[in-house]
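Q: here is a sequence with its predicted model. Questions after.
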Amino acid sequence: MTGMDGLIGDRHGSGRVGRIHIFPSLVEPNNPFTIPGEASVFVTIGAGETHVTVLDGEGACSRGWTAIFGWSALCSLTVLIDGREVTFDEETLVARALTGAARVYGRHVDTSAFLHSARELFVEVMDQILSRTIGSGAAYDTIVLAAPDWLHGVLAAVVDLRPHILPEIRDN
């Protein structure tokens, strides 16, 4: 297995995340993860958007937001492998790179630096999204995260952002 020289940043700047655009949701989402009797927040991470949905104790949507951020942001992270700048610009490549190893240019490489950077990115962005939508979240019983199964390992670092984020991440 060949080593990864390290993370450079992203294709669009310094590697630091700017302000994420967040808009109130205009349509009541259909959320299958309702927890009866609890006011809950559901955070669903897709390819290009993250939806934050507040459900009351009966499962009705009381508020919601759409943040322009999704797992595809990982496609912008660049890494140095043997002196060559590389991006994992397809879902399957990103998913493999998040395991800590992937095949790049026909050989196995260590992608632990990419995994570490992905975790840092998601912690920073999810903290921003939660802070700007539900604040501390103290008014809600639980916060549930949902994302593709291959992203769950990265999101495990996000669970510690609020004391009531459930550790079990759901598939979406």
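A: That came through, no problem. Every value quoted in this text rests on a predicted model; they were computed, and no experiment measured them.
Q: by mean pLDDT, point me to the weakest helix or strand of the chain.
A: strand 6-10 (a mean of 43; mean pLDDT, DSSP states H and E).
Q: show me which residues of the helix or strand that that strand is followed by are buried.
A: For strand 6-10, the following helix or strand on the C-terminal side (DSSP states H and E) is strand 22-24. Within strand 22-24, the residues scored as buried using 16 or more other CB atoms under 10 Å are Ile22. Heads up, the C-betas are built off the backbone N, CA and C, glycines and all.
Q: cool, and stretch 104-122?
A: Taking 16+ other CB under 10 Å as the criterion, stretch 104-122 shows Val104, Val109, Thr111, Ala113, Phe114, Leu115, Ser117, Ala118, Arg119, Leu121, Phe122 as buried.
Q: again with stretch 57-64
A: Quick answer for stretch 57-64 (16+ other CB under 10 Å): Cys61, Gly64.
Q: can you give me the strands in this structure?
A: 6-10, 22-24, 40-45, 50-55, 61-67, 77-81, 84-87, 101-104, 107-110, 142-147, 170-171 (DSSP state E).
Q: wait, which of the ones you listed is closest to Ile134?
A: strand 40-45 (5.6 Å; CB to CB).
Q: what packs against the closest one?
A: strand 50-55, helix 112-133, strand 142-147 (3 or more CB pairs under 8 Å, 6 or more residues apart in numbering; DSSP states H and E).
Q: quick revisit: ranking the strands of the chain by mean pLDDT, which is last?
A: Within these, confidence is poorest for strand 6-10, with a mean of 43 (mean pLDDT).
Q: spatially central residue for this protein, please.
A: By CA atoms, centre = their mean, the chain has its centre lying nearest to Phe122, at 4.8 Å.
Q: and that residue, how far from Asn172?
A: Noted for Phe122: a distance of 15 Å to Asn172, by CB to CB, to the nearest Å.
Q: and if you look at Gly46?
A: For Gly46, the distance to Asn172 - CB to CB - is 7 Å.
Q: could you do Cys75 as well?
A: From Cys75 to Asn172 the distance is 18 Å (CB to CB).
Q: kindly report the same for Val79.
A: For Val79, the distance to Asn172 - CB to CB - is 27 Å.
Q: Thr53 too?
A: Taking CB to CB, one finds Thr53 at 12 Å from Asn172.
Q: need the residues touching each of the two.
A: Thr44 (CB atoms under 8 Å, 6 or more residues apart in numbering).
Q: between the two, which one's more packed in?
A: Thr53 (23 against 16; other CB atoms under 10 Å).
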